[in-house]
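Asks: Have a look at this prediction, sequence included:
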Amino acid sequence: MFKVNLSRNQAMRKIWIFLILWCCLWSETGLYAQSGFTIARLKYRGGGDWYNDPSAIPNLLEFMRKETNVNTLKEEIKLDIMSEALFSNPVLFMTGHGKIVFSDEEVERLRLYLTSGGFLYADDDYGMDKYFRDVMKKVFPKNALIELPFSHPIYHSHFDFPNGLPKIHEHDGGPPEGYGIFYDGRLVVYYTYNTNISDGWPAAEIHGNSEETRLTALKMGTNIYIYALMN
């Protein structure tokens, strides 16, 4: 098992951010045309469709490239928890409709990743809520998912969402809910429920979203990852 101490945890986070920003700084010269920021989609077992909406992340990356100073790649990375590449990616994305299964070894490795500076954004695509919460209790048995207030910086990191998380899909009644897990004061997991933000990232014809709804979802997605990069 790969072990890191606190000083290495902090150093890893700083190295990740430095490399991303350094590539962005030099991108205008063309020296790092193939370098930049991307989002790693997390694979998992259990039958939940971790792979759904394959155009979602590429579309979000394109939007971020146009709307921010972050030099993004065109494609996502797909990896599982045990992948050697896990610790080379500062942010993860996870979604699906169903069951999630992590082995004890995967639970330990995800905990190590998150406590070493990594960040996970999970978006319930209607059906994974119970399973995600059960898995997070194993990853962080002493750190509960807590609902974030509208004043939290994740809602104001680039675009302003004064009323908190927007509602993208109306599968269920009630307001959208955004939860976080904190470790040593840092938000390491952000979880959106009863909204399905990532369904607003693909092309409009995929889910029948209006352009206004898609723009709102893309702005919130940008906020999430800008916040993750800067904290």
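Replies: Received it, and whenever you're ready, just let me know what you need.

Asks: pLDDT value on residue 49, please?
Replies: pLDDT for residue 49: 92.

Asks: tell me the secondary structure for it?
Replies: Of the three states, residue 49 takes coil under DSSP: H, G, I helix; E, B strand; the rest coil.

Asks: Distance of it relative to residue 205?
Replies: 19 Å (CB to CB, to the nearest Å). Backbone N, C-alpha and C define where each C-beta goes, glycine included.

Asks: these two touch, right, residue 182 and residue 188?
Replies: Yes: here residue 182 reaches residue 188: they are 6.9 Å apart, a contact under CB atoms under 8 Å.

Asks: Looking at those two, which is more packed in?
Replies: The neighbour comparison of residue 182 against residue 188 (other CB atoms under 10 Å) goes to residue 188, with 23 against 15.

Asks: This structure: helices as residue ranges?
Replies: Using DSSP state H, the helices of the chain run over residues 6-26, 56-67, 104-115, 129-139, 204-207, 211-230.

Asks: buried stuff in the fourth one?
Replies: By neighbour count, with 16 or more other CB atoms under 10 Å as the criterion, the buried positions of helix 129-139 are 131, 132, 133, 135, 136, 139.

Asks: Name the nearest of the residues you listed relative to residue 198.
Replies: residue 132 (13.8 Å; CB to CB).

Asks: right, and that closest one touches residue 99 too?
Replies: No: taking contacts as CB under 8 Å, residue 132 lies outside contact range of residue 99: 10.0 Å.

Asks: Could you check how many residues crowd around the spatially closest residue to residue 223 that is not a sequence neighbour?
Replies: Spatially, and ignoring its direct neighbours in sequence, residue 223 is nearest to residue 157 (4.8 Å; CB to CB, 6 or more residues apart in numbering). Look at residue 157: counted by other CB under 10 Å, it has 19 neighbours.

Asks: So in this protein, where's the weakest helix or strand by average pLDDT?
Replies: Every helix and strand of the chain was ranked by mean pLDDT, DSSP states H and E. The lowest is helix 6-26, at a mean of 46.

Asks: where does this structure dip in pLDDT?
Replies: The chain contains residues with pLDDT under 70 at 1-34.

Asks: Let me know the distance separating residue 186 from residue 115.
Replies: 9 Å.

Asks: neighbour-wise, which of those two wins?
Replies: residue 115 (18 against 14).

Asks: Pretty sure that one sits against residue 183.
Replies: Yes: taking CB under 8 Å as the definition, residue 115 is a contact partner of residue 183 at 5.5 Å.

Asks: In terms of packing, which of residue 49 and residue 205 has more residues around it?
Replies: Legend: neighbour count by other CB under 10 Å for residue 49 and residue 205, higher for residue 49 (13 against 7).

Asks: which ones are touching the more buried one?
Replies: Contacts for residue 49 were tallied using CB atoms under 8 Å, 6 or more residues apart in numbering; they are 96, 97, 98, 125.

Asks: neighbour-wise, which of these leads?
Replies: Neighbour-wise, the contacts of residue 49 (other CB under 10 Å) top out at residue 96, 24 neighbours.

Asks: Could you list which residues are in contact with it?
Replies: Applying CB under 8 Å, 6+ apart, the residues contacting residue 96 are 44, 48, 49, 50, 52, 125, 127, 128.

Asks: Tell me the most packed of these, by neighbour count.
Replies: residue 128 leads these on contacts (other CB under 10 Å) with 26 neighbours.
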